[in-house]
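1. no FASTA, just this:
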């Protein structure tokens, strides 16, 4: 990569596209955009551009392709794999969509919402709620992450079980290609078999094939009934059995089934304000169960009660609490969503975002625990997540009193151990966070040469000048 | 295209890959493979190959790429756009997957089934049923269509409303690339964000990017309750209102909502053995309503009764019948699925497989009816289909006593009229059947140059020798 970077004259041409008021060049202003949440990557960039329209994004990418200037798109900067961070020691220009944050249209009859790529997820949720509809994507970072990033990473979160990933929640896209050309694929159709599926190629491409500037999103009816319960359990095996019963009983009304370990409850009650353990005694494991029904509130009540009864009778549940108010429901979910943050005051944390076939979760966790503890005695494993999706955030907090830096230095070693077990079970090393910089080389190592080659061919076909978020997902030789 | 075709020596090399017993060269044997169901396309081919394994498919495509021999994949030969038909006057080799028809694996706990690309859809459904699971894809041709073709066309059918298209029913693929390389993407994961979405690129590519030789399919619990009802209605407007009520009442338990016109009921009762009109009086329109519940049989009963009550009270339903046995349920669905066949004895039929946003269906149908009847007075419009998906099979039967050939000659003219109205409503000219040969040039005409160019770039990146089902979906200059 050319570390000398673009000449001042060229930077001036980029700045002129968006206007001086919408450019950051001061290192102090740029700093927050050069680092991602975990501090794993520290990038460098001479300039951040804030286009105000799809046309301006187009002009930026056209100039970038013509001049061979690398560009990294950024929305909420909440990604966890360094996909949105400019390269270290490089001179990638940052294109931020933060000004393009409008809800363009909302149609509750057709159940669609059209948003800018820079619209904040929580704003989309609120706009849907205002017309008595639900946009189900739900993440810990929903107050700051943005739709373009959610799409580019095919975001998951806690409602995937019933509603699917971001891929399943999107009907159409508007994308600016690396050449500056605009693809208007803002379709609102449930069924459309007209040629190659470009939409799903851009979704999950982490900004390496173009910049998503607009999207048609699916809305759903607000559920008539909603129940949230917390159950104390003995083991992940029991959690899996309970999940299977819940699936059979509730079908698609089972809108969440999250697994949490005791240590996670301890971390959150210790470090997160307002979190308290709703059960009288401690339990080794917990399931957070979320049920939403379309026909009536009573159906949800009946379902949650039947499920807990079945669980007690079968000896699967040690104790349980049903949230009796919306505030209590939110408190249970807040506990779950604070698990990552609650690990921070406990020192270093080595993280894995993995999936395996659902039925293999208990065996995977047992094997990974053994291997991790053999390598780092005293490591505190805080493995939690979307059991119903087969997706576990297998996080390892440092031993009490250990040196944080020395612990974090073992990141790759732990990855190799955990990912090795995941791959042997037919699993994925990135269930929902993506590849970015963090897992690019590992991906090339674990996937067949033909798979990586196909990705390279696509990348080169879409971005012949190689300017679009280079160095992420797949390396171009 | 080189109409001289491959030399005998080269044909011998292809035949040697599969063995002489698995080759067709006699024109009589080849004939059924050279024509598609509607007789719109009559192709030509010197040879059909029936590989018995993925390795043999790989060897065929490797030799095809090396020698520049065009190849067309074929499974059940039930496609409706000529995608599976060799080119007219050409010498494409046909690769049939009919011998690769195994269910490779089935795991009811994990809810997955792994099938060969040549497995017949009905066999997959039966295998799922045998372990108390549901594979929901359901089509009129399910007794002969095959999984590879279902995937290559992203098949839809009558259960899309609740379960989605084939794209939503597939977790992983095995694909032989045009170069003969094998992509093993047979993953069984619900969540896997590891690079570009190759799977969804092959799904719906109509065999132009490779041959799908295996797939991991999603299974679902068998519903606990199932109800089917037929309601007589005044208009498509009332059908839409009833659909919205049904969606709100049933949520994802609404597993089918099909619209049928009176003329369709007349055609089926006249021409299809065993079909009778279950309602005492004729009605202008009909809705076939299918409800499946996960928790209990009673829920489905309550739902269907509540829905019909609501419909009567609101003046939306003129009369209705609930199927009181599985046999009656099947009879109602048989009527719906016979609509296409029932048109054949009525003479020529010009067909459209279109979608518009659901809320625009009544307006689209009214406008299309006016325009079609102005062009061909006496034309009998038999527009039916998946109202809940916005997908209407807008079929036009010839006027009584008209000349069939003269009527069919107006196919393109009718297409232009109907598709023009569809496109003005933001709709699709191919909701579920695909592009194939039938709509290739029209697609290039109605879509932006950049969209067609992106498809071309993908095609050339995957199939540099241009041997893979050439002439379909997108033309390569």
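-> Noted; the coordinates are in hand. Please read these numbers as outputs of a predicted model, since none were measured by experiment.

2. how far away is residue A:32 from residue B:274?
-> Distance of residue A:32 to residue B:274, given as C-beta to C-beta, to the nearest Å: 71 Å. (C-beta placed from N, C-alpha, C; glycine too.)

3. give me the number of residues near the closest residue to residue A:50 other than its chain neighbours?
-> Using C-beta to C-beta, 6 or more residues apart in numbering or on different chains and skipping residues adjacent in sequence, the residue nearest residue A:50 is residue A:22, 4.1 Å away. Neighbour count for residue A:22, taken as other C-beta atoms under 10 Å in any protein chain shown: 17.

4. what sits against residue A:22?
-> By C-beta atoms under 8 Å, 6 or more residues apart in numbering or on different chains, the contact list for residue A:22 reads A:49-52, A:99.

5. Which other helices and strands does the top helix by length along chain A contact?
-> In chain A, with assignment by DSSP state H, the single longest helix is helix A:297-313. Counting contacts by 3 or more C-beta pairs under 8 Å, 6 or more residues apart in numbering or on different chains; DSSP states H and E, helix A:297-313 packs against strand A:225-233, helix A:236-250, strand A:285-293, strand A:317-322.

6. could you dump the ones you listed to a markdown table with distance to residue B:295, mean pLDDT and mean neighbour count?
-> Putting the helices and strands packed on helix A:297-313 into a markdown table (distance: least, C-beta to C-beta, whole Å; pLDDT from 0 to 100; neighbours: other C-beta atoms under 10 Å in any protein chain shown) gives the following:
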| stretch | distance to residue B:295 | mean pLDDT | mean neighbour count |
| --- | --- | --- | --- |
| strand A:225-233 | 13 | 97 | 23 |
| helix A:236-250 | 6 | 93 | 21 |
| strand A:285-293 | 10 | 96 | 26 |
| strand A:317-322 | 18 | 98 | 19 |
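
7. nearest to residue B:151, of those?
-> helix A:236-250 (25.4 Å; C-beta to C-beta).

8. where's residue A:86 relative to chain B, distance?
-> 21 Å (C-beta to the nearest C-beta, to the nearest Å).

9. about what we covered before: the contacts of residue A:22 in helices, which ones?
-> Among the contacts of residue A:22, no member lies in helices (by DSSP H).

10. Next up, the contacts around the nearest residue to residue A:241 once chain neighbours are set aside.
-> Leaving aside its chain neighbours, residue A:241 sits nearest to residue A:316 (5.7 Å; criterion: C-beta to C-beta, 6+ apart). For residue A:316, the contact set (C-beta under 8 Å, 6+ apart) comprises A:233, A:238, A:241-242, A:245.

11. Any idea how many residues pack against residue A:66?
-> Using other C-beta under 10 Å, residue A:66 is surrounded by 12 other residues.

12. Could you find the closest non-adjacent residue to it?
-> Closest to residue A:66 by C-beta to C-beta, 6+ apart is residue A:465, at 7.9 Å.

13. Please verify my assumption that that neighbour contacts residue A:71.
-> No. Using C-beta atoms under 8 Å, residue A:465 is not in contact with residue A:71, being 10.2 Å away.

14. Spit out the residues that contact the two alike.
-> residue A:64.

15. Which one of these two is surrounded by more residues?
-> Neighbour count, other C-beta under 10 Å: between residue A:465 and residue A:71, residue A:71 has more, with 25 against 17.

16. from memory that one sits against residue A:60, does it?
-> Yes. Look at residue A:71 against residue A:60 with C-beta under 8 Å: they come within range, at 7.0 Å.

17. Just the buried positions in the helix or strand containing residue A:55, please.
-> Using DSSP states H and E, residue A:55 sits in helix A:54-67. Of the residues in helix A:54-67, A:54, A:56-65 count as buried by neighbour count, 16 or more other C-beta atoms under 10 Å in any protein chain shown.

18. name the helices or strands packed onto that helix?
-> helix A:8-18, strand A:71-74, strand A:93-96, strand A:170-176, strand A:211-218.

19. what about chain A, any weak spots by pLDDT?
-> Scanning chain A for pLDDT under 70 picks out A:1-4.

20. Not counting sequence-adjacent ones, nearest residue to the residue nearest the centre of it?
-> Residue closest to the average C-alpha location in chain A (C-alpha atoms, centre = their mean): residue A:155, at 4.0 Å. Excluding its sequence neighbours, the residue lying closest to residue A:155 (C-beta to C-beta, 6+ apart) is residue A:166, at 4.6 Å.

21. For that neighbour, which residues are in contact?
-> A:137, A:150-151, A:153-156, A:203.

22. can you list the residues you listed in a markdown table and add secondary structure?
-> Shown next, in a markdown table, are these (DSSP: H, G, I helix; E, B strand; the rest coil):
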| residue | secondary structure |
| --- | --- |
| A:137 | coil |
| A:150 | helix |
| A:151 | helix |
| A:153 | coil |
| A:154 | coil |
| A:155 | coil |
| A:156 | coil |
| A:203 | coil |
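
23. Can you tell me which of the residues you listed is nearest residue A:441?
-> Closest approach between the contacts of residue A:166 and residue A:441, by C-beta to C-beta: residue A:153, at 18.7 Å.

24. Verify the contact between that closest one and residue A:205 for me.
-> No. With contacts counted by C-beta under 8 Å, residue A:153 stays clear of residue A:205, the gap being 9.3 Å.

25. which stretches of the stretch 251-400 of chain A form helices?
-> A:262-271, A:297-313, A:326-337, A:339-343, A:361-375 (DSSP state H, counting those that start in this stretch).

26. so which of those helices gets nearest residue B:144?
-> helix A:361-375 (39.1 Å).

27. quick one, the helix or strand where residue A:420 lies and helix A:361-375 angle?
-> Applying DSSP H and E as the criterion places residue A:420 in helix A:411-424. Orientation check (axes from the mean of the first three to the mean of the last three C-alpha atoms, to 10 degrees): helix A:411-424 against helix A:361-375 gives 150 degrees.
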